[in-house]
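Novice: after the sequence you'll find the predicted model.
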Amino acid sequence: MAEKKSTRQAYGEYLVKLGETNENLVVLDADLSGATKTNIFKKAYPDRHFNVGIAEANLMGMSAGLATAGKVPFASTFAIFGAGRAYEIIRNSICYPKLNVKIALTHSGISVGEDGGSHQSIEDIALMRVIPNMTVLSPADAVETEKMMDAALAINGPVYIRLGRSDVPVLFDETYVFEVGKAGLLKSGEDVTIIATGMMVGPAMEAAERLKVDGISAQVLNMGSIKPIDVDAISDAAIKTGAIVTAEEHSIIGGLGSAVAEVLGDVAPVPLERVGVKDLFGQSGKVAPLMEKYGLTANDIVEAAQKAIGRK
Amino acid sequence: MAFLEETVRGIRKDIVKMIGKAASGHPGGSLSSAEILTLLYFEQMNVDEKNPKKDDRDRFVLSKGHAAPVLYATLAAKGFFPREELQDLRQLGSMLQGHPDMNKVPGVDMSTGSLGQGISVAAGMALAGKIDNKAHKVFVLLGDGELQEGLVWEAAMAASHYQLNNLIAFVDNNNLQIDGAICEVMSPFPIDAKFKAFGWNVITVEDGHSFDELRTAVEAAKKSEDKPTVIICQTVKGKCVSFMENNAGWHGKGPNAEEVKQALAELEA
């Protein structure tokens, strides 16, 4: 059994490490520092952690102001409040002036669990992806979270990092290399390519194993960088395998599935099946049954792959 | 004194001319806040038009970003960029966008336009100054209608909580917004008591077009020990252009050639 860790936990822990060498790094939270794990940073650097209270719009506005003065703010709250409630502040005060703010939002997707549909953000990738100047990163595990935070720091501009609440298997080791705009080939295959992001990467790998039993050779791409997206990797996969499945813990409207569909439409139209939340709100429940209910399991990916291959 | 009066007269003329040329823009709220910007840029703020990004400069955020013409005219008068640029206001490819763009215009410290956001950003700037023990001030200009935005009060709460005495806000209280009188659309009154309740140092300026009154207020604000200061300025929308004064219809409309001529004649008088 692989080690398990939530991406929010990895985020909070790695912030401390980044804070050691980056004295301009500051962290802002909106009364959720225990849940977003920025309280780990607060413990190490109390003078560089600012809790603005339950005021997400001001969280983003003040982060923008700090960035104009050379600070590198990491702004955190739940995805639903950050990408949702504070959307237009992110759009106009951070992205429009291209300010150096890192927006790291936790509790994305339905794996929030028991808090229910009001708190389960299934739109954040769509909302962040559509804004010019924004980079959108969606880590699959704890290691990729750290690598993406390094990559985000290297960018002089806004970056959105999508983090989750639930523990997920650690898929990568320290040798893993992440590059913005590049997909990671996790498994090579001939018949279909599964392009997954975030916590769906694990189930995508599992689905590929199951398909193998049925004699289907599935390729798996980890699409951690959703914007910019790796056009070449998608196009090559479409030409090589002739069928694509996307898998994300997000609405099938506007997220990874849409981003891949845009690329396929532009350069290499092949059958595409999108695994994700099908234009529905979530609800309360334990994570595993929720993932099953909303069609976000390895089984769902297997079925989608068979369907996509059947459409060739 | 005569220098400031002459300067603000020139700024008003430039506001009218550039909005007339663009046939689009916001004259009313630009004219109502002309003395505030003139006093700041020509007397109170530490800025260097030859080095617009110098580290220890005082910052200015035009939270009511639609008053961009008054900011552009003031910056041009101060020498941040040539006055000829003003005639390209709102034209395709111009650095002078309908609302200020910090990446295009020398001297603009923050891109604004969506109301309520500038004061939040200014609070972040002031917090950065505190973190680094800097002496500079952050000035921000709000509209009175803008106070209807909830974010203003989130930022007001935070500025007081973090004891941002380096933050000085102005409210351009000209009493009108696009749809009419602010007290009829959605009253923000009492403005002073609201800021006081949020923990701010509150100063009221009875005549927001008097340099003496504004100067006294700013100098007092600079001495605030542990509170952010708001200077609530009673102003006249469309000030100094008779047909624009106190007329909400001139919130966001460009004057035609005849109206520009009349306005300039009044400003020359």
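Specialist: Ah, there it is. These numbers come from a predicted model, not from an experiment.

Novice: what helix or strand is the residue of the stretch 51-200 of chain B found nearest chain A on?
Specialist: Residue nearest to chain A within the stretch 51-200 of chain B (Cβ to the nearest Cβ): B:Gly124, separated by 2.1 Å. In this view, the C-beta of every residue, glycine as well, is placed from N, C-alpha and C. Here B:Gly124 sits within helix B:117-131, counting by DSSP states H and E.

Novice: in that helix, what's buried?
Specialist: B:117-129, B:131 (16 or more other Cβ atoms under 10 Å in any protein chain shown).

Novice: could you report the pLDDT at the spatially closest residue to B:Leu75 that is not a sequence neighbour?
Specialist: Leaving aside its sequence neighbours, B:Leu75 sits nearest to B:Gly107 (Cβ to Cβ, 6 or more residues apart in numbering or on different chains; 4.3 Å). In the predicted model, B:Gly107 carries a pLDDT score of 98.

Novice: can you tell me the SS state at B:Gly107?
Specialist: coil (DSSP: H, G, I helix; E, B strand; the rest coil).

Novice: can you pull the contacts of it?
Specialist: B:47, B:49, B:52, B:75, B:78, B:80-81 (Cβ atoms under 8 Å, 6 or more residues apart in numbering or on different chains).

Novice: now B:Asn173. Nearest residue, chain neighbours left out?
Specialist: B:Asp144 (4.6 Å).

Novice: please apply the same query to B:Ile178.
Specialist: Distances taken as Cβ to Cβ, 6+ apart put B:His251 closest to B:Ile178, at 4.9 Å, once the chain neighbours are dropped.

Novice: count of residues packed around that neighbour?
Specialist: 22 (other Cβ atoms under 10 Å in any protein chain shown).

Novice: so what touches the helix or strand in which A:Glu206 is found?
Specialist: In this structure, A:Glu206 sits in helix A:201-213 according to DSSP H and E. Applying Cβ under 8 Å, 6+ apart, the contact partners of helix A:201-213 are A:140-141, A:168-169, A:171, A:186-187, A:189, A:191-192, A:194, A:196, A:217-220, A:222, A:247, A:296-299, A:301-302, A:305-306.

Novice: quick one: mean pLDDT over it.
Specialist: Across helix A:201-213, pLDDT averages out at 98.

Novice: in that helix, which residues are buried?
Specialist: Buried residues in helix A:201-213, counted by 16+ other Cβ under 10 Å: A:201-208, A:211.

Novice: residue contacts, B:Asn165?
Specialist: Shown in contact with B:Asn165 (Cβ under 8 Å, 6+ apart): B:201, B:224-229.

Novice: give me the neighbour count for the nearest residue to it once chain neighbours are set aside.
Specialist: Excluding the flanking residues, the one nearest B:Asn165 by Cβ to Cβ, 6+ apart is B:Ser224, at 4.5 Å. Using other Cβ under 10 Å, the number of residues around B:Ser224 comes to 18.

Novice: ok so, going back, packing partners of the helix holding B:Gly124?
Specialist: When contacts are defined as 3 or more Cβ pairs under 8 Å, 6 or more residues apart in numbering or on different chains; DSSP states H and E, helix B:117-131 packs onto helix A:56-68, strand B:59-62, strand B:138-143, helix B:150-161, strand B:167-173.

Novice: what residues does chain A put near chain B?
Specialist: By the rule Cβ under 8 Å from any Cβ of the partner chain, the part of chain A lying against chain B is A:26, A:47-48, A:50, A:52-53, A:55, A:57-58, A:60-71, A:73, A:88-89, A:92-93, A:96-98.

Novice: let's see 6 Å
Specialist: A:52, A:55, A:57-58, A:61-62, A:64-66, A:68-69, A:71, A:89, A:92-93, A:96-97 (Cβ under 6 Å from any Cβ of the partner chain).

Novice: can you give me the angle the helix holding B:Gly124 makes with helix A:56-68?
Specialist: Counting by axes from the mean of the first three to the mean of the last three Cα atoms, to 10 degrees, helix B:117-131 lies at 50 degrees to helix A:56-68.

Novice: quick one: contacts of helix B:117-131?
Specialist: Contact partners of helix B:117-131, identified using Cβ atoms under 6 Å, 6 or more residues apart in numbering or on different chains, comprise A:58, A:61-62, A:64-66, A:68-69, A:71, A:89, A:93, B:59, B:61, B:63, B:110, B:112, B:136, B:138, B:140, B:142, B:151-152, B:155, B:158-159, B:162, B:164, B:166-167.

Novice: thinking again about what came up before, residues in contact with the residue nearest to B:Asn173?
Specialist: Listed by Cβ under 6 Å, 6+ apart, the contact set of B:Asp144 reads B:171, B:173, B:182, B:188.

Novice: what's around the third one, how many residues?
Specialist: By that I understand B:Ile182. Neighbours around B:Ile182, by other Cβ under 10 Å: 23.

Novice: how about the contacts made by it?
Specialist: B:Ile182 touches B:144-145, B:175, counting by Cβ under 6 Å, 6+ apart.

Novice: helix or strand for the residue of chain B positioned farthest from its centre, which one?
Specialist: For chain B, the residue at maximal distance from the C-alpha centroid (Cα atoms, centre = their mean) is B:Glu258, at 27.3 Å. Taking DSSP H and E as the criterion, B:Glu258 maps to helix B:257-268.

Novice: elements contacting that helix?
Specialist: In this structure, helix B:257-268 packs against helix B:2-22, with contacts taken as 3 or more Cβ pairs under 6 Å, 6 or more residues apart in numbering or on different chains; DSSP states H and E.

Novice: setting aside sequence neighbours, what's the nearest residue to residue 39?
Specialist: Going with chain A. Distances taken as Cβ to Cβ, 6+ apart place A:Ser33 nearest to A:Asn39, at 4.1 Å, with adjacent residues excluded.

Novice: right idea, wrong chain: chain B
Specialist: Using Cβ to Cβ, 6+ apart, the nearest residue to B:Leu39 is B:Leu214, at 5.0 Å.
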